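# everything below, folded, please.
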Amino acid sequence: MLVKEKNTKIYGSRIKSDPLVKKTINLLMKDGKRSKAEKVLFKSFQALDKDFPGQSINIFYLAIIAVKQDIAIRVKPKPKKRRNKQSFNVYLPRVISPIRGLGLGIRSILKSSKERSHQSFTPLWESLSQELLQASQNKGEVVAKRYSVSKLALSNKRRVHFTIRR
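So this is what the prediction gives:
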């Protein structure tokens with residue numbers, strides 16, 4: 001009970017009502033366990049507050065903006081049984097909507113933090129706070145992945161279809 005009261009005092013209803021925090025909690029949630037997802041996110045905010053007092057929300061926003069994706073890649077498989085006509089996979093870059101880009105960025109942060117916690121046997125909230133900190137500094141695995149996707153899209157820009165994907 002004390003931990004929950006402490007979290008609600010520090011991170012009140014103003015932060016819980018924030019749209020990006022809500023989206024992150026919803027993507028972090030498994031099997032409808034919202035309270036567990038909130039605890040994980042707020043513990044990661046507390047870990048960021050220990051190193052950078054009062055800056056956890058700013059670090060969170062900087063990380064989300066740094067990993068927001070503008071372009072997605074769709075892989076068109078190679079054709080079957082045609083005579084030497086594109087015997088390789090074709091990458092089709094697509095412009096995506098900003099809301100979808102934010103969702104993809106949040107998902108990539110959560111995925112890399114889960115992988116990090118499985119590899120190093122650290123709690124999820126600790127790896128999430130480390131991933132948010134690295135992403136806010138434009139470093140880390142997630143930002144590198146974003147740059148590699150945009151580089152791949154740039155190399156295949158002659159195939160760009162200018163439709164916004166929702």
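
# for the protein, give the helix that spans the most residues.
For the chain, the helix that runs over the most residues, judged by DSSP state H, is helix 98-120.

# who are the packing partners of that one?
With contacts taken as 3 or more C-beta pairs under 8 Å, 6 or more residues apart in numbering; DSSP states H and E, helix 98-120 sits against helix 19-28, helix 56-67, helix 124-136, helix 141-155. Placement of C-beta: from N, CA and C, glycine included.

# and these, which one averages the lowest pLDDT?
Between these, the lowest average pLDDT goes to helix 141-155, which shows a mean of 84.

# got the angle for it vs helix 124-136?
Relative orientation of helix 141-155 and helix 124-136, computed by axes from the mean of the first three to the mean of the last three C-alpha atoms, to 10 degrees: 50 degrees.

# now the angle from helix 141-155 to helix 56-67?
Taking the same axes, to 10 degrees, one finds that helix 141-155 is oriented at 30 degrees with respect to helix 56-67.

# gap between residue 147 and residue 31?
Using C-beta to C-beta, to the nearest Å, residue 147 is found at 34 Å from residue 31.

# more neighbours, the two?
For residue 147 versus residue 31, neighbours defined as other C-beta atoms under 10 Å are more numerous around residue 147 (11 against 5).

# look up how far residue 133 lies from that one.
To residue 133, residue 147 is 18 Å away according to C-beta to C-beta.
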